[in-house]
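Trainee: Attaching a predicted model along with its sequence, questions to come.
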Amino acid sequence: MRHLQVLALAAVACLTAGQALDRQVLSTFIFTTYGDRTPMAMKDVTPQLTPYGANQMYNAGATFRSHYINALSLDGDNEDDLYSSIRGISQYHLNPDQITVLSRDEQYISAGASAFMQGLYPSLEQLNNYTFIVGQSAMADGSNAVSPLNGYQYPRIQTVSEMDLNHIWLDGSANCPSYTKSGASYFSGEDYKTIQQQTLPFYQSLIPGILSGNIEDSDVGYFDAWTVYDYLQYMYRHNQTVASELSLTDLTRAQILATNWVFAMNGNTSSSGVEKGDQVGVISGRSVASRVIQAFQNTIYTQGSEDKMTLLFGSFEPIIAFTALAGLNVEQHTEFLNIPPQGASMVFELFSLTSGSDFGAYPDSSELFVRFLYQNGTGSDATLVPYPLFGHSPSISDLPLADFISAMQRIAVPSVSAWCTICDSYSIFCPAFSESAASNNNSGSHSGKLSPALAGVVGAIVALVVALLVALILFFLLGCRVHRVNRGRRSDLGGFKGAEKLASDRDLTIPKGAGAEVSVQQTDEPMSPMEGQRGHERVGSWELREAQKDTGVAAPGKAYGLGGRRPSYEDDDDEINVNPFSKGVRPDERV
C-alpha cells in the first residue's frame, strides 16, 4: 500500500512539472501573524498595531488577493497563475459566506486582521468598479448608494478571547498548565543554565541606556530573551537615538538568543517534563492542525460554497509548533529555523488537477490534493513557496487529500474535550466537556458511579425530602396555630403596609392614568441616609446589604421600616370584620 502511495505521488509530481494538468484551487487555509506593534515591555502602554504594521498586513492581504482572487489576469501570460484563483470566489464584492475570519481579540491582532481584509477586498473605488455590489447599491429612484470610504467593504471578523473555546485554534498554549510545565522543564536544564551565565554580560550591557525606563533591571536576562528582543527591534525601527546607539551586531545577537528561547518553548516535540506526554510543547501546532481539517471537511461537504478561504490571525507560536511537527525545521529549510517575521503566513491549499479550463462538477474527494506554502513576511522579496510536509521528498509538495488528512490526524488535537484533558486546563469551557465525557464514559462502562453533576442533583433531591419529613414531624408532634390576618383595619397613616406602616415610611401610590410612584409622608423626623436614594438604585438589595456590614450604615430595610416590626401570630384577636356593602375582593390583585 505504501508503495502505491509513493507511485501516486511521483505521478502527480511528473504531471505537474510537465504542465499536463491545470491546478484548480478549491479552498485555502491561511494562518497569519500580526504586524508591527508597540512592544510588550513598554510601561503603561497596551500593545497596539502601528501604522507601519497596518501597512504590512494590508500588503499581505493584497498579495493573497493577487494569488487567489484576481489571479485570472487579463493578459493571461502566466499559465501557472491563470488557474490559481479559488474556484467560484467573488472577485470584487466581498461575500461573507465564502470567507471565514477568526482572530484573537488583542487590538494589534484584530486590527491587523481588518487591515489584511482591506488588502484582500479593497474599496470598490480602488477597484475602479461600482457594478459588483450585486444590486445592493440600487435605490428606488434609480440612483446608487455607495458605502462610506468610497465603497469600503465590511468583513465579518470573529474575534475571540481566551474564554472562548475557539481560542484554542489560534493559540493552543494559552491557559494550558501542561504546556507551562513543559516549558518549566527547560529552565531547570543544563543548557539553559549555561546560556544564562554566558549571556549575562551581554544583557547587562544593554541596561544603562537602551533598556532603562521600560524594562526593570531584574527582568533583563536570557530568561526573558523574547521580551528584550521584542523591545529592541521596535526601538531600532522607530527610535532614531536607539537606532544610532544599538549596533546591528547586538540586535542580531538578541534575535538569535530570542529565537533559541522561543523554539525551546514552542518547538519541543518530545514529552520531557510532562507526565502525560501528548507533545504539549507543540500544542498550539496540534490545535491549528485540527482547525485545518475542519475547514477542508466543511468546504468539501458544502461543495465549495463555504470556507473558500479560512483566515486565522494570531501570534507566531502555532507556526513554529506546526512546522516542527511537520518536519520542516531542518537545515535545508532555513526559513523555519527563525522566528516568523511580522505578517508571515503559512498556507494550506486544497486543489484538484484538471485538463483544461472547463472544470465541470465539484471534484470527488478522491481527486483532491493538498500542498503547504509559506510566505516569509511581507517584504518585496517575500513570495509564496511550497514545501513538502511530513518528511516527503522536496520534489513532492502535493499530497493526496486522504494521505494529508491521515498525517494531520496523527498530530492534531481531536476535540476541545481532548485539549482540555491534555492541558489539564482551567478554562471556563472545560468543565462542561469534562463532565460530558465523564458521563459518557460512566454510562458506557456501567461502573455504577455518578458524574459530579448528576450526583449534585441527587444530593439536592435527598436534602429536600429530608427537610419535608422534618417539617411534617414537627407539625404533627408540636402542632401549629394558624392566624388569619385582619385585613379590615387600617392605620391612620394608610398605605399598602396598613397597620405596619411607620411615619417615616414611603408609600406607593398609583395616580389615575399614570405609573406607580413613591411618596413620602411629611414628618418632623430627619431622613435616614438611605432615604435620599433616587433613580435606579436597588434599595434593600443583597449587594447593598452586604456593603453595610463594613460601613456601619443601617441596612436599607431597617432605614425604611421594612425590617422592623413583623406581624404577630400570638394576638388573641381573630375577629374578621366584613362590610356587606363593600365591593368584592378582586382575585390576584396586587401592587
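Mentor: Right, received. Where do you want to start?
Trainee: and the nearest residue to Asp230 once chain neighbours are set aside, how many neighbours does it have?
Mentor: Spatial nearest neighbour of Asp230, chain neighbours left out: Pro39 (5.0 Å); criterion: Cβ to Cβ, 6 or more residues apart in numbering. Where you see a C-beta, it was placed from the backbone N, CA and C, and this is true even at glycine. For Pro39, the count of nearby residues is 19 (other Cβ atoms under 10 Å).
Trainee: Need the residues that contact stretch 283-292.
Mentor: Residues from elsewhere that reach stretch 283-292, judged by Cβ atoms under 8 Å, 6 or more residues apart in numbering: 29, 31, 168-173, 176, 178-179, 266, 279, 310, 312, 317-325, 348, 408, 411-415, 419, 422-423.
Trainee: One more pass at 6 Å, please.
Mentor: 29, 168-169, 171-173, 176, 179, 317-318, 321-322, 325, 348, 408, 411-413 (Cβ atoms under 6 Å, 6 or more residues apart in numbering).
Trainee: Now intersect these with the helices, please.
Mentor: Using DSSP state H, 168-169, 179, 317-318, 321-322, 325, 408, 411 are the members of those that sit in helices.
Trainee: In CSV, list the residues you listed along with distance to Thr46.
Mentor: CSV is the format used below for the ones in helices among the contacts of stretch 283-292 (distance: Cβ to Cβ, whole Å):
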residue, distance to Thr46
Ile168, 23
Trp169, 24
Tyr179, 24
Glu317, 20
Pro318, 23
Ala321, 26
Phe322, 28
Leu325, 32
Met408, 36
Ile411, 34
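Trainee: Weed out the non-buried ones from these.
Mentor: By neighbour count, with 16 or more other Cβ atoms under 10 Å, the ones in helices among the contacts of stretch 283-292 hold 168-169, 179, 317-318, 321-322, 325, 408, 411 as buried.
Trainee: Out of the ones in helices among the contacts of stretch 283-292, which is nearest to Tyr203?
Mentor: Nearest to Tyr203, judged by Cβ to Cβ, of these is Glu317 at 22.9 Å.
Trainee: What count of nearby residues applies to Asp105?
Mentor: Neighbours of Asp105 (other Cβ under 10 Å): 15.
Trainee: Revised request: answer the last question for Val347.
Mentor: Neighbours around Val347, by other Cβ under 10 Å: 20.
Trainee: I'd say it and Arg371 touch.
Mentor: No. Using Cβ atoms under 6 Å, Val347 is not in contact with Arg371; the gap is 8.7 Å.
Trainee: Just list the residues touching Thr249, thanks.
Mentor: Taking Cβ under 6 Å, 6+ apart, one finds nothing in contact with Thr249.
Trainee: Please enumerate the strands of the chain.
Mentor: Along the chain, counting by DSSP state E, strands occupy 22-33, 99-104, 157-160, 309-314, 345-354, 368-375, 384-387, 398-400, 506-509, 517-520.
Trainee: Return the alpha-carbon coordinates of the longest one using CSV.
Mentor: Right, the one you point to is strand 22-33. These are the backbone C-alpha positions of strand 22-33, laid out as CSV (Å, rounded to 0.1, in the frame of the first residue of the first chain):
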residue,chain,number,x,y,z
ASP,A,22,-4.1,22.6,-14.6
ARG,A,23,-4.3,23.4,-10.9
GLN,A,24,-7.8,24.3,-9.8
VAL,A,25,-7.7,25.7,-6.3
LEU,A,26,-10.9,24.9,-4.3
SER,A,27,-10.1,26.3,-0.9
THR,A,28,-7.2,27.8,1.2
PHE,A,29,-6.5,27.9,4.9
ILE,A,30,-4.2,30.8,5.9
PHE,A,31,-2.7,31.5,9.3
THR,A,32,-1.0,34.9,9.5
THR,A,33,1.0,36.5,12.3
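Trainee: partner strands of that strand, parallel or antiparallel?
Mentor: strand 309-314 (parallel), strand 345-354 (antiparallel) (DSSP bridges).
Trainee: Quick check: can you list the domain ranges of this structure?
Mentor: 2-174+282-410, 481-528+537-575 (automatic domain parsing).
Trainee: how about low-confidence regions in the stretch 201-350 of the chain?
Mentor: Scanning the stretch 201-350 of the chain with the threshold set as pLDDT under 70 gives 271-278.
Trainee: so where do the helices sit in it?
Mentor: 225-238, 240-245, 248-266, 283-301, 317-325 (DSSP state H, counting those that start in this stretch).
Trainee: Deepest-packed of these, please.
Mentor: Counting by mean count of other Cβ atoms under 10 Å, helix 317-325 has the highest mean neighbour count of the helices of the stretch 201-350 of the chain, with a mean of 26.
Trainee: Determine the set of other helices and strands touching that one.
Mentor: When contacts are defined as 3 or more Cβ pairs under 6 Å, 6 or more residues apart in numbering; DSSP states H and E, helix 317-325 sits against helix 248-266, helix 283-301.
Trainee: nearest to Ser218, of those?
Mentor: Sorting these by Cβ to Cβ, the top spot, which is the nearest, belongs to helix 248-266 at 17.5 Å.
Trainee: Export only the CA atoms of that closest one, formatted as PDB.
Mentor: The C-alpha trace of helix 248-266 is given here as PDB (Å, rounded to 0.1, in the frame of the first residue of the first chain):
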ATOM      1  CA  LEU A 248      23.200  45.700  14.200                       C
ATOM      2  CA  THR A 249      25.500  43.100  15.700                       C
ATOM      3  CA  ASP A 250      23.900  43.400  19.100                       C
ATOM      4  CA  LEU A 251      20.400  43.400  17.700                       C
ATOM      5  CA  THR A 252      21.200  40.300  15.700                       C
ATOM      6  CA  ARG A 253      22.600  38.600  18.800                       C
ATOM      7  CA  ALA A 254      19.500  39.400  20.700                       C
ATOM      8  CA  GLN A 255      17.400  38.000  17.900                       C
ATOM      9  CA  ILE A 256      19.400  34.700  17.900                       C
ATOM     10  CA  LEU A 257      19.000  34.300  21.700                       C
ATOM     11  CA  ALA A 258      15.300  35.100  21.400                       C
ATOM     12  CA  THR A 259      14.900  32.500  18.700                       C
ATOM     13  CA  ASN A 260      16.600  29.900  20.700                       C
ATOM     14  CA  TRP A 261      14.400  30.700  23.700                       C
ATOM     15  CA  VAL A 262      11.100  30.700  21.600                       C
ATOM     16  CA  PHE A 263      11.900  27.400  19.900                       C
ATOM     17  CA  ALA A 264      12.800  25.700  23.200                       C
ATOM     18  CA  MET A 265       9.300  26.800  24.500                       C
ATOM     19  CA  ASN A 266       7.300  26.100  21.300                       C
END
